[in-house]
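Student: Following is a predicted model, sequence given first.
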Amino acid sequence: MAHQEDTETLEEIKKMINELKQTKAEIGATAAVRQHTVHRRLFSNIKSRMIMFSLLLLLLLTVFLGIRSIFVREGETQKVAGFVEQIQDLSTLATSKAYMKAVVEQEDNQLFGQKIDANFPGTKRKILIIIPGEVIAGVDLSKVTKSDLEINEDHKTIHLILPKAEIIQKPTLYFDQAQIFSSEGLFRSEASIDEGYAFAELAQDQIVAEATEQGLLTSAEEQATKVIETFMNRMGYKATIEYKDN
C-alpha cells in the first residue's frame, strides 16, 4: 500500500513538473512574440523615418540644384553678354585697307559747251583720269549678338559666328594726287580737275571692284579672326570662328 502511494505521489510530481515546463514554454513563446512585435514596430518606425528623411533630403537637393542652376545660367548669360560687348569694342581693329588707283577713261563730243551726238571735226575729246584712293573693308563686330556666341567652360573654348566682311564706306579719293590727260579737238578746252570730280562715283566703284577682286574682303576676315583669337587667348579661351553665309 505504501509503495502504491509513493508511486502516485511521484506521478503527481512529474505531472506538476510537466505543467510547469509547459507554462514556462508558453510564457517564453509569448515573450518572444511580444519581443518580435516590439522589434517589428521599432524597425517599422525607423524605416518610416528613414524614408521621410530621404524624401526631405531629396527635396532639399532638388531645390539646391534648381537654385544653383539658375545662378549658373545667370552667370553664363552675364559672361556671354560681357564677351559680346568686348567683341563689339574690337570692331575698329577688324579691318583691312587697300590703296588703289582708279583709271577712268571717257570721250564725248561737245560744241560750244553742249553735248552732241554727231562726231564733227574738232568736237571730240578723250579724257584719261588716274585717281588714287583708299578703301577699307572690315567685319562689323557690332552686329554680333549673344546667339552668335557659344561658351564651353569645361574645355575653355568659344565658338563664334561672325558676319561676312564688307566695304565699310565709300573709298576716299585723293584728288590732289589725281592725274588728268586729255586730247581735245579745236573747239574743246582742256580737262580740269573740276571735271575729274564728275567721275568720282565711277572711280570709287572701280576701286571697290578691284580691291574685292584682289582679296580685300578675305584679308579683312583674316584680320578679324586674328584679333579675336588673340583676345580670347588672353582671356584663357581657345576660339573657333566661322562666318555667316550671305
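Tutor: Perfect, thanks for sending it.
Student: got the CA positions of the lengthiest strand in the chain in CSV?
Tutor: If you go by DSSP state E, the chain has its longest strand at strand 95-111. C-alpha atoms of strand 95-111 as CSV (Å, rounded to 0.1, in the frame of the first residue of the first chain):
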residue,chain,number,x,y,z
THR,A,95,39.6,96.0,-90.7
SER,A,96,41.9,95.9,-93.7
LYS,A,97,42.9,98.7,-96.0
ALA,A,98,43.8,98.8,-99.7
TYR,A,99,45.4,101.7,-101.6
MET,A,100,44.3,101.6,-105.2
LYS,A,101,44.3,103.7,-108.3
ALA,A,102,41.3,104.2,-110.5
VAL,A,103,41.8,104.7,-114.2
VAL,A,104,38.8,106.4,-115.8
GLU,A,105,38.7,106.9,-119.5
GLN,A,106,35.9,108.9,-121.2
GLU,A,107,35.3,110.5,-124.5
ASP,A,108,32.5,112.8,-125.8
ASN,A,109,31.6,115.3,-128.4
GLN,A,110,30.7,118.9,-127.5
LEU,A,111,30.1,122.0,-129.5
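Student: partners of it, with directions?
Tutor: strand 114-115 (antiparallel), strand 124-138 (antiparallel) (DSSP bridges).
Student: rank those by pLDDT, which is bottom?
Tutor: Per-segment mean pLDDT for the strands paired with strand 95-111 reaches its minimum on strand 114-115, at a mean of 58.
Student: Can you give me the buried ones in stretch 169-183?
Tutor: 171, 173, 175, 178, 180, 182 (16 or more other CB atoms under 10 Å). C-betas here are computed from N, CA, C, even on glycine.
Student: got those residues as TSV, with pLDDT, distance to F231 and secondary structure columns?
Tutor: Below are the buried residues of stretch 169-183 laid out as TSV (pLDDT from 0 to 100; distance: CB to CB, whole Å; DSSP: H, G, I helix; E, B strand; the rest coil):
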residue	pLDDT	distance to F231	secondary structure
P171	94	29	coil
L173	94	34	strand
F175	87	38	helix
A178	85	40	coil
I180	80	46	strand
S182	69	51	strand
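Student: so which of those residues would you say is closest to K238?
Tutor: P171 (36.5 Å; CB to CB).
Student: related to what we said a few turns ago, mind telling me the two of the buried residues of stretch 169-183 farthest from one another?
Tutor: P171 and S182 (23.5 Å).
Student: where does this structure have low pLDDT?
Tutor: For the chain, the stretches with pLDDT under 70 are 1-50, 52-80, 108-125, 182-196, 246.
Student: Show me the strands in it, by range?
Tutor: 95-111, 114-115, 124-138, 149-152, 157-162, 166-167, 172-173, 179-184, 238-243.
Student: returning to what we had before: looking at the strands paired with strand 95-111, which one is packed in the most?
Tutor: Compared across the strands paired with strand 95-111, strand 124-138 shows the largest average neighbour count, a mean of 20 (mean count of other CB atoms under 10 Å).
Student: care to break this structure down by domain?
Tutor: Residue ranges for the domains of the chain, per automatic domain parsing: 1-89, 91-243.
Student: Report the separation between the two terminal residues of the longest one.
Tutor: Read that as domain 91-243. 15 Å (CA to CA, to the nearest Å).
Student: and the closest residue in space to E150 that isn't next to it in sequence, what are its bridge partners?
Tutor: Closest residue to E150 apart from its sequence neighbours, by CB to CB, 6 or more residues apart in numbering: H159 at 4.4 Å. According to DSSP bridges, the residues that bridge with H159 are E150, T240.
Student: got it, and T95?
Tutor: Beta-bridge partners of T95, as defined by DSSP bridges: G138.
Student: List the contacts of it.
Tutor: By CB atoms under 8 Å, 6 or more residues apart in numbering, the contact list for T95 reads 136-139, 168, 220, 223.
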